[in-house]
Each structure stands twice: as structure tokens, then as C-alpha cells.
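give me the fold of what follows.
(chains A, B and C)
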Amino acid sequence: MGKKSLIEQQKAKWEGTTLKKVLERFPEQKESFSTSSWLPVERLYLPRQMSEEEYLEHIGFPGEYPFTRGVQPTMYRGRFWTMRQYAGFGTAEESNQRYKYLLSQGQTGLSVAFDLPTQIGYDSDDPRSVGEVGKVGVAIDSLEDMEILFRGIPLDKVSTSMTINAPAAVLLAFYIAVAQKQGVAKEQLRGTIQNDILKEYIARGTYIFPPKPSLRLITNIFEYCSKEIPRWNTISISGYHIREAGSTAVQEVAFTLADGIEYVKAAIKVGLDVDQFAGRLSFFFNAHNDLFEEIAKFRAARRIWAKIMKEKFQAKKRSP
Amino acid sequence: MIGKLVNGIIHGETRSIARAISWIENDVPQKEELIDALFEHTGRAQVIGITGPPGSGKSSLLDRIIEQERKRDKKIAVLAIDPSSPFTGGAILGDRLRMQKHTVDAGVFIRSMASRGHLGGVAGATSDSVKVLDAAGFDLIVIETIGVGQTEIEVMNIADLVMLVLVPGLGDEIQALKAGVMEIGDIFVVNKADKEEANRLKAEIEYVLHLKSEDEKGVKSPIFMTSATENTGIEELVNGLHEYMQRMGENGTLRERRRRRVTLELKKIITAKIEAHVHKFLETGNNLDVWIDQILRKKTSPYKLINEKVIQILKELKEK
Amino acid sequence: MSRKIRILISKPGLDGHDRGAKYIARALKDAGYEVIYMGIRQSPEAIVKTAIQEDVDFVGLSLLSGAHNELFPEVVRLLREQGANDVIVFGGGVIPQEDISFLKEQGIEAIFTPGTPIQKVIEFIETNKERVLH
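Numbers count the residues shown, from 1 in each chain, chains lettered A, B, ... in the order given. Got it, this is the predicted structure:
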């Protein structure tokens, strides 16, 4: 037990004088305060005691391992994020019009919303699709629909994010086929498929197949994309839906990284090299209301994932 | 009203069956007349109890058993018991979630039942509801108990045969179980048999059964290995179940059990009726308070008063 | 005699957002009702079959995908077709204000939209339960 630091001494003094006086006259509104994740919020925070070595190890610099302070050294001072509004409704024609409008307004990418029959693998005329066709997203039943959806949109120029999970392989195949018909080589394609089936069982609900065969589809996509469309993000491992389904910030990160570990394990098990696919695993977290908690969450998630990849899976290459 | 309901039930009409079970659950005054009217139509169904710890997959296994029995063109009814909250009396009944593929099959009837304070793993209404389902012409009636452990032995007083479902990975669970529940199992099932420790569990059950004292007819309890999710071992289980039932019929066990069931039921209901009368007697006119005062003031001695009152109660009962 | 109110909670259609339905199920349980929870992706046929087998007094439907105008009335229609005239149907989810009067005309007696305090749902059941007590 060392001597109390100067700040700690001053804190004790503050508590005994300034704070005490005010608390006597104006007691606090609640006995305790907490974040929306039920983490306690103290009255006052002071600089944390940390050695320089500890600082460099846990916090470090932006763009460097363990990426606590960000994945890029300059972050958005250098380049903006891709701007895209989640869109898709009704028919492929209507959604195509919308995409063209959004691009004309300065959007730098597309984000495709599919309707529930498409997400669960039913045709629009399936009896189970009644009432759902073209709602919450665009109805895609065939390659022809997909061609209409991207008509007049040069796929070598835009990056496309598709919120599609259980049938992700089919929709990605459609996308590649549309590109080829446009004369765009698949190596040039950029974008993301959500492709995260585990969170569908946990929170979102649009699964089709049981976990094992679903995981095989996913690792097949990892392998195919690493060879054929290397600029494609093969999965968006999602905490967003888990949080929306009622988890805390801690649970959100815990479930999501656990899912991530499972995908990496599954891919390694079928013989993929971790550096061949892991750089294209992307994440999707919720941006909830409690600003400081959310900042801490994103920092923690980056650092934990970096450590998992390096220490547990011996990954060597950093993401592009 | 009762005639119409009885007619509906014996013609297997779903709404009548369902309403009759509600009558029993709600203990309506016409219940006794209903059961008596149905009585001549009962006695044909086989009644099976499924019990086992929570998470052992009873409902999923039952789902597979239904599938098998439907292939054999058997009509099946299920009574799935879940606990009522002792605080609010409310309940969430979710067992049928695992049996959804049979929802629209006219040959399957599933009814969720809250325990409504009844102990022993079933509901107070279970026994009479079995009679309704029997009269409605179901070949097989399955009672799925709550599944909480050692006190769950009442199902053996209702069912012809009890199937105990266990799963690997519950640690010392079986040690705790063997004291109570292990004795009531006629047939044992190791579900989730695709798990590693399944064979060890089987060996443990064999060991515990070896310790079990000779059963009524020296019949050895079979152990089946199943996986409800992988759909393995189900056909063997269903065959084994029917073979066991047949043997029980041949060696007289079934007859003895049904006799014992009627014996217990008679004792229970007669006792309950008299008890209800006693309670009513004690609660009317604040008699109890008067007697207590008499005893406390030494105006009478306790047994003298008790015997007087018992005679009075019996007299009242006789007059009724 | 001890009459219990039984309520079926289900999600018709293909929408997987079950947080609201589960919340309602849990809250109604805590209010002392017996709740049969069916979960997601149910057809109107399956909901009606279940409602009849379980002899429920109320059916609560939750839907967030926009298919309510098609699926909610279909549940009511099938219930009536099966002679279950005494079952009271209510709904909830992301339902635009302008659809509510149509749904009420179709026999869905109450629609609870996001932000509704649970007490409102319980009040609805308490006010209407006399009608189903038999």
C-alpha cells in the first residue's frame, strides 16, 4: 500500500467539503446511477492509474494492434465511411429507381433490403408469403429480378451491402452473375453480405437450415470469395440484432465475438488458412444511447477481437 | 349441453374435446356428470408418461415419436404440463413450440396444461383429461411432465408406462435422480446420444437399474439411445415401447397397474371430497374460533371436542 | 371452481422479431394469466388450430413486417369459420395508425402499437374477460 496520490488526497478533501455541503442541501435524485446495461455510474471519475507500459499494451495508437483507438491511424480525417441508406421495397423496378435516386444524391454505396420471403427462401407466390411480398425489402425470386434491381448501376463503381443471411450464397451468386452480364469481372466487385446465421438463431429469426449445414454454406463462401472476389466482405458478424432483442452492451459483444470465434473455427476445420479469410470478416454493432458506454464497447470489441485473432488463431496478416 | 359435448367428444370433435378439458381444469360443477357420461367410452387408449430433467429434450423427442406413430396411422394426444407461478398463478406454456410440425395434422391433439398449484409433475386435471382423450378415440395419449426432478412421480399413477428421458452432461444429476425418479421409469431413454458422454450415461443407468429391486414381473427396463435433433434411434424406441407395452399386457402388469390407478383415484377423490366438506364445516359460522376459545379457557378438553365434532360432520355428510 | 383466462400469443407471417411477443407473454403470465406461446412464423391455420385445441379466451398476434392487413383478419375469419366465435383477437406491432380502423372492422378488437404500457393490455383483457367466461 503506497502513499495516496495527490489527486486522491484532493479527492478526499473535495468529498469532505464541497461535495458534502451540496449533498446535505441537495441530496442526489437516486441512490445509485447506472447505464442502460446496468453498469454502475460513479459520481466522479479521475485519471486511471496506469503505467506507460500498460498504456501502450492496452490502448496503443490508432491503426495499430490491438486497435483500441481505431482501425485506421487517421480514421475519418483521411477517408469517409461508405455512405449508404438501407433501401429496398416493392418490386425490383421500384427499388432500382430508388437506388438510382440515392446514388444521384451522393450516396457512395448501396445497401439492399430484401423482403422476408426472399430472406427465408420462399417464392413470392408461395402461400406462406401472403402479405409479406415487397414489405420490409425488395422481392427477389430470380436472376431476372436481380438484373432489374441493378439495371443501369455499374457494379464495378459501387460497393453493395446486402442484408441477406440464410440464402446469402444464392443472392451473392446472382450478384456475380449480374456483374458478369454487365461485363464487370468478379475480382472488381466490392461489398458485404451479412451471412451471419448464428445471430439469426439467437435474435433475428430468419434462418432456414439447421446450424451445421448453415455453417458449411458460410465456410464455402469464405473459401470461394477469398479466391474469386477478394475485395468482398464475406460476413458481417452482427451484435446489432442481439442488442435490439434486449441484451446489454456486454452481452452484445460477448455473443457476437463468440459467434465470430465459431465461424473462424469452422473455417479452419475445413482446411482454410486463417490469413486467407479472416481479414474479410466484418462486424456490425449497435450504436445505442449511452454515449460513453458505447465508446467503451467499441474499443473493447476491437481490442478483444484483435487479441483473439492473434493469440487464439495465430493470425498474422492485418485486414486490408 | 353435456349431451352435445359428450357427443362431440366421442366423435373426436376438437372443440368439444378442448372445451371438456377446460371444464376439468376449471373444475366446473358439471365435470362429474361429464366424466361419468364418457366413462363407458374409455379404456382403449394407451397412456404413456414422459418425464425427465429440464433440458433433456422431452418435447423434441415427443415430436419425433409423434412423427413415427403418425406413419403407423395412430391418433395421438399430448398433455404437456408446465408449472404455474406460485405467486401470480400465471404460466407460460411453451412445450408445443417443439411439436409444431403436427399443429395442422388432424390426427394429433396437443394441449398445454398449467400445474395450477398441483405438485407431483402433473396438473390436477391431468387424470380426468386423459379420460376425455381416451373417449375421443386417441390410440395413444402422452403426458409430458413438468420435468423438475425427484417429486415428479405422480405420472406413474396416471400412465400405463413411464418413459424417463435423460441426457449426458448433467453431471451428478443421475445420482440425485436415482433416489426418486429412477424407480418410476419403465423405459429409459438417453437422448442427445450424439454427445460424447452418452455411453457413459448409459452405463450409469445400467448400474442404477442393477441396484433397483426386482420389478413387478422381473421385466428388465430397456434403455434406448436417441437423438431428437438428428432423428436417430426413434424407430427403435417406438418399437421397443410397443413391445414393452405388449409384454405388460401379457404378464398382467398392465391390468395390475390400471387396478392400482383406480384404487388410488378412488381413495384420492373420496378423501378430497370429505376434506372439502370438512373445510367448509370448519369455516362456516366461525365455529373454529369458538372451539379454540373453549379449549384455551379450559372449558373442554381437546379430544373430547374433536370427537364430538367429527361425529357432527359425519352426520351432516350422511344427511347430504 | 377456479376459472383461468388462457391467452395464445403468436406471430403470424415470416417476421422474426419476437422481443415484443415474448415481453407480452411474460407480462401476461406475471399478471396471472395462462399464456400459450407459439413463437414465430406461424400460419393463420396453425394459429387457429392451436387456439381451438388450447381452448383459449384470447388470441394475441404480433407482427412487425407490414403483413398485418392480410394475416390478422385471416386469423379472425378462420376462427369464425371453425365456430370459435367467442375467442377475442387483439394485435400489436408496427401497425400504422391508418390501418387500425380497418383491422377493427375486421374483428381485431384492439391494436397495441410500440410504447403501449403493459397495463393497457391487461386492462383490455380485464374489461373483456366477462364476455368469454362460460
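
all helices for chain B, in order.
Here chain B has its helices, by DSSP state H, at B:2-10, B:14-26, B:31-39, B:58-71, B:126-135, B:173-179, B:198-211, B:234-250, B:253-283, B:287-296, B:302-319.

correction: chain C
C:19-30, C:44-53, C:68-81, C:97-105, C:118-132.

what are the buried residues along the second one?
To tie it back to what came earlier, the one meant is helix C:44-53. C:44, C:46-53 (16 or more other CB atoms under 10 Å in any protein chain shown). All C-beta atoms are positioned from the backbone trio N, CA, C, and that covers glycine.

now the strands for the stretch 51-200 of chain A?
According to DSSP state E, counting those that start in this stretch, the stretch 51-200 of chain A carries its strands in the segments A:86-87, A:109-112, A:159-162, A:190-193.

out of the ones you listed, which is closest to chain B?
strand A:190-193 (27.2 Å; CB to the nearest CB).

hmm, back to that, could you provide the buried residues of helix C:44-53 in JSON lines, with additional columns for pLDDT?
Shown next, in JSON lines, are the buried residues of helix C:44-53 (pLDDT from 0 to 100):
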{"residue": "C:Pro44", "pLDDT": "97"}
{"residue": "C:Ala46", "pLDDT": "97"}
{"residue": "C:Ile47", "pLDDT": "98"}
{"residue": "C:Val48", "pLDDT": "98"}
{"residue": "C:Lys49", "pLDDT": "97"}
{"residue": "C:Thr50", "pLDDT": "97"}
{"residue": "C:Ala51", "pLDDT": "98"}
{"residue": "C:Ile52", "pLDDT": "97"}
{"residue": "C:Gln53", "pLDDT": "97"}
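
hmm, C:Tyr37 and B:Gly94 touching each other?
Yes - using CB atoms under 8 Å, B:Gly94 is in contact with C:Tyr37, at 4.7 Å.

the more surrounded of those two?
For B:Gly94 and C:Tyr37, the more surrounded residue by other CB atoms under 10 Å in any protein chain shown is C:Tyr37, and the numbers stand at 25 against 18.

what's near enough to touch the more buried one?
Going by CB atoms under 8 Å, 6 or more residues apart in numbering or on different chains, C:Tyr37 touches B:92-94, B:97, C:9-10, C:21-22, C:25.

redo that, cut-off 6 Å
B:92, B:94, C:9, C:25 (CB atoms under 6 Å, 6 or more residues apart in numbering or on different chains).

lowest-confidence entry in these?
Within the contacts of C:Tyr37, B:Gly94 has the lowest pLDDT, namely 93.

mind listing what that one touches?
Contacts for B:Gly94 (CB under 6 Å, 6+ apart) come out as C:Tyr37.

okay, now whatever residue of the stretch 151-300 of chain A ends up closest to chain C: neighbour count?
Residue nearest to chain C within the stretch 151-300 of chain A: A:Gly205 (1.7 Å; CB to the nearest CB). Using other CB under 10 Å, the number of residues around A:Gly205 comes to 22.

now do the one 3 residues further on
One way to gauge burial is a neighbour count; for A:Ile208, by other CB under 10 Å, it gives 16.

about what we covered before: isn't the residue of the stretch 151-300 of chain A closest to chain C right up against C:Lys22?
No - with contact defined as CB atoms under 6 Å, A:Gly205 does not count as touching C:Lys22 (11.5 Å).

just to revisit the earlier point, from the strands of the stretch 51-200 of chain A, which stretch is densest packed?
Across these, averaging neighbours per residue (mean count of other CB atoms under 10 Å in any protein chain shown) puts strand A:109-112 on top, at a mean of 23.

that older thread, so which of the strands of the stretch 51-200 of chain A is nearest A:Trp38?
The closest of those to A:Trp38 is strand A:86-87. By CB to CB, the value is 29.8 Å.

can you give me the helices in chain A?
Going by DSSP H, chain A shows helices at A:6-14, A:20-25, A:52-58, A:92-104, A:116-120, A:143-149, A:168-182, A:198-199, A:211-228, A:240-244, A:249-269, A:274-277, A:291-307.

export the helices of chain C to CSV and tack on distance to A:Gln119?
Shown next, in CSV, are the helices of chain C (distance: least, CB to CB, whole Å):
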stretch, distance to A:Gln119
helix C:19-30, 18
helix C:44-53, 20
helix C:68-81, 17
helix C:97-105, 23
helix C:118-132, 29
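
if I average pLDDT within each of the helices of chain B, which one is lowest?
Of all the helices of chain B, the minimum mean pLDDT falls on helix B:173-179 (a mean of 61).

hmm, back to that, and the helices of chain C: which comes nearest chain A?
Chain A lies closest to helix C:68-81 among the helices of chain C, at 3.1 Å (CB to the nearest CB).

and chain B, is the closest one touching that?
No - using CB under 6 Å from any CB of the partner chain, we find that helix C:68-81 stays clear of chain B, coming within 10.9 Å at best.

can you report how many residues lie near B:Gly43?
So B:Gly43, with other CB under 10 Å, has 10 neighbours.

would you list the phi and psi of residue 64?
I'll assume chain A. The phi and psi values for A:Glu64, taken as degrees, to the nearest 10, are phi -130, psi 150.
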